[in-house]
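A.B. asks: sharing a sequence plus its predicted fold:
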Amino acid sequence: MDWKALASGETIDLDRQRELQARWDGRAGTRFTKSIRMFDFESNGKPFTQVATVLTPEVAFVHEGRRVVVIASEGGHDDGREFLRDYHGREGIGPWLARRGVTFISLTRLGRWNFFDGSGGGSWSGVPLGERMPVFHRAQAAHWGTESWQVASAEGVSSPTGSTTTRVAREGSALHEHMMALTPDTSLRGFEHAIAQCLDLSRRSEMLTLYWGFSTGGPFLYALARRLAPDGYAGWGTANFGLAYFANRAATGDYQWLYDRSAFRVRERGYSDFTFYTRDLSDEQRAAQWSVALESPRFKSHEDTFMFFNVAAQTEMLTRLWHAPFLPADVRARGLAALLRENIELNYPDESLGSVAALDLFGSGDEILPPPVSSGAAALVAPYFREHRHALLQGRHHCIDADHAAAFGSCWLDAVTSGYFDR
């Protein structure tokens, strides 16, 4: 396909999708290894552990002398496990790519890996849904108890998916302090640290590196380009910069997200939220998938504040951090303005994207980022990219199950081989 010839918002029909998939169906012969890697670091006076799941193929997919690497971050309720297996137990996009020679690195957002899972896989299935709170580092002594948080209503939450309850850190608790230290900058430090350890960045010229953030993973990997630019964005159902998310709401006269009280909040993504995405299933099918979904964290915390452009909440957390006694002297020496700027400016696209090509794909039936929303975000950010194409896959949804993975994965690899991401 000539991806550069796509018109903005063009739809790729099912026949074309099948044609692209057929091309890559026979290219799945490469075996791969899986490793879970953990990296400890400190930020704003608190310890954190970044988790990366790495799929390394035995035979690399090489384009124009460069091996292809996809670096991904997960959606709003997940910890990256749905990149590996879907709710039916089928292989997800990570193995799909790895079997075709692509190195796949999944970066779990800080706080979402359950280090107390005895299997080492980070599962949350043994933790009651109503007690799940972020676990920030692997040396943490235990899950947070109710002395550290209290239950609050979900009234006013900036989400259409029906959260029924939230849990809020008690002021002065150790949980409250750790959530304060988990700024957007801290999130990106974790990503940068893991990427530097998983890849030899001195040999970047030998790699074609693509970022992909599914759903709410998008704002973090878009922001990461301001500090570590990829060759391209391989988009699928990707939320954009926080500014773009808010701009879509503002276009309809909704300015609420600026003021959402998301600071120190954990939003439970329970069964009503799950039902939002599974309306076409029978009760029995939904119940079976829900049991698998409970392996994932099923909560959102600091990402709401960042991706929804909750600027009031961001400012509150950063100024509270500024007055916290544990803030390191070197951070304080740079000044309050620097602390605010280095975090809040991550919400905005800038000239750092000028070397990057983006292929931003969405399902025509995306429930969270429908065509008017995704096209609005595309129009806002497209001028900053070297190349930017926004397209829809007919009949697809806000989903990364095996069927969807084969569809958008085939598009990505076709775009790679066509030279779309070449500088």
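C.D. replies: Sure, I can see it.

A.B. asks: what about the helices in the protein?
C.D. replies: Ranges of helices within the chain are 14-25, 93-98, 174-181, 184-198, 218-224, 242-250, 271-277, 283-293, 302-307, 311-322, 329-334, 336-344, 371-381, 402-417, based on DSSP state H.

A.B. asks: the third one packs against which elements?
C.D. replies: Of the remaining helices and strands, those touching helix 174-181 by 3 or more C-beta pairs under 8 Å, 6 or more residues apart in numbering; DSSP states H and E are strand 46-57, strand 165-169, helix 311-322. The way it works is simple: take the backbone N, C-alpha and C, and place the C-beta from them, glycine included.

A.B. asks: just put the helices of the chain in CSV and tack on mean neighbour count, mean pLDDT and distance to residue 119.
C.D. replies: Converted to CSV, the helices of the chain look like this (neighbours: other C-beta atoms under 10 Å; pLDDT from 0 to 100; distance: least, C-beta to C-beta, whole Å):
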stretch, mean neighbour count, mean pLDDT, distance to residue 119
helix 14-25, 15, 96, 32
helix 93-98, 26, 98, 18
helix 174-181, 22, 98, 25
helix 184-198, 20, 97, 21
helix 218-224, 26, 95, 26
helix 242-250, 21, 90, 35
helix 271-277, 17, 74, 23
helix 283-293, 14, 86, 15
helix 302-307, 27, 90, 25
helix 311-322, 19, 97, 33
helix 329-334, 10, 97, 37
helix 336-344, 15, 97, 35
helix 371-381, 19, 94, 37
helix 402-417, 22, 97, 23
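
A.B. asks: quick one: closest of these to residue 50.
C.D. replies: Nearest to residue 50 among the helices of the chain is helix 184-198 (3.6 Å), distances taken as C-beta to C-beta.

A.B. asks: now the strands for the stretch 1-150 of the chain?
C.D. replies: Using DSSP state E, counting those that start in this stretch, the strands of the stretch 1-150 of the chain run over 10-12, 32-43, 46-57, 62-63, 66-73, 103-108, 149-153.

A.B. asks: thinking again about what came up before, export the helices and strands packed on helix 174-181 to TSV and append columns for distance to residue 35.
C.D. replies: Output for those, formatted as TSV (distance: least, C-beta to C-beta, whole Å):
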stretch	distance to residue 35
strand 46-57	5
strand 165-169	33
helix 311-322	34
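
A.B. asks: how about these, which one is nearest residue 220?
C.D. replies: Across those, closest to residue 220 is strand 46-57 (C-beta to C-beta), at 12.1 Å.

A.B. asks: given the closest one, what are its sheet partners and their directions?
C.D. replies: Using DSSP bridges, the strands paired with strand 46-57 are strand 32-43 (antiparallel), strand 103-108 (antiparallel).

A.B. asks: hang on, the earlier thing: looking at the strands of the stretch 1-150 of the chain, which is buried most?
C.D. replies: Most buried of the strands of the stretch 1-150 of the chain, by mean neighbour count (mean count of other C-beta atoms under 10 Å): strand 103-108, with a mean of 26.

A.B. asks: which residues touch residue 303?
C.D. replies: Contact analysis of residue 303 by C-beta atoms under 8 Å, 6 or more residues apart in numbering lists 76, 109, 216, 219-220.

A.B. asks: between those, which is closest to residue 235?
C.D. replies: Minimum distance to residue 235 across the contacts of residue 303 is 12.4 Å, recorded for residue 219 (C-beta to C-beta).

A.B. asks: quick check, that closest one in contact with residue 307.
C.D. replies: Yes. In terms of C-beta atoms under 8 Å, residue 219 counts as a neighbour of residue 307; the distance is 4.1 Å.

A.B. asks: name the residues contacting each of those two.
C.D. replies: 239, 242, 245.

A.B. asks: identify all contacting residues around stretch 191-210.
C.D. replies: With contact meaning C-beta under 8 Å, 6+ apart, stretch 191-210 is reached by 37, 39, 41, 50-52, 54, 63-71, 73, 105, 107, 220-221, 224, 227-228, 230-234, 412, 416, 421.

A.B. asks: starting at the chain centroid, how far to that stretch?
C.D. replies: 18 Å (C-alpha atoms, centre = their mean, to the nearest Å).

A.B. asks: now do stretch 408-423
C.D. replies: 21 Å.

A.B. asks: who touches that stretch?
C.D. replies: With C-beta under 8 Å, 6+ apart as the test, stretch 408-423 has contacts from 1-4, 12, 17, 20-21, 23-24, 61, 63-64, 68, 70, 93, 96-97, 100, 102, 208, 210, 231-232, 234, 236, 355, 357, 359, 361, 386-387, 389, 393, 396.

A.B. asks: need the per-residue pLDDT for the closest residue to residue 142 other than its chain neighbours.
C.D. replies: Leaving aside its sequence neighbours, residue 142 sits nearest to residue 116 (C-beta to C-beta, 6 or more residues apart in numbering; 7.5 Å). Looking at residue 116, its pLDDT stands at 97.

A.B. asks: my read: residue 116 touches residue 137, true?
C.D. replies: No. Judged on C-beta under 8 Å, residue 116 makes no contact with residue 137 at a distance of 12.0 Å.

A.B. asks: quick one: contacts for residue 365?
C.D. replies: 395-397.

A.B. asks: PyMOL command to pick out the buried ones of those residues?
C.D. replies: Per 16 or more other C-beta atoms under 10 Å, the buried members of the contacts of residue 365 correspond to this PyMOL selection:
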select buried, resi 396+397
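
A.B. asks: out of the contacts of residue 365, which comes closest to residue 293?
C.D. replies: Nearest to residue 293 among the contacts of residue 365, with distances taken as C-beta to C-beta, is residue 397, at 15.9 Å.

A.B. asks: how close does residue 87 sit to residue 77?
C.D. replies: For residue 87, the distance to residue 77 (C-beta to C-beta, to the nearest Å) stands at 12 Å.

A.B. asks: same check, this time on residue 299
C.D. replies: 7 Å.

A.B. asks: so what sits against both of the two?
C.D. replies: Between them, residue 299 and residue 77 share the contacting residues residue 269, judged by C-beta under 8 Å, 6+ apart.

A.B. asks: can I get the strands of the stretch 1-150 of the chain in TSV including distance to residue 406?
C.D. replies: What follows is those, written out as TSV (distance: least, C-beta to C-beta, whole Å):
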stretch	distance to residue 406
strand 10-12	14
strand 32-43	17
strand 46-57	16
strand 62-63	20
strand 66-73	15
strand 103-108	15
strand 149-153	41
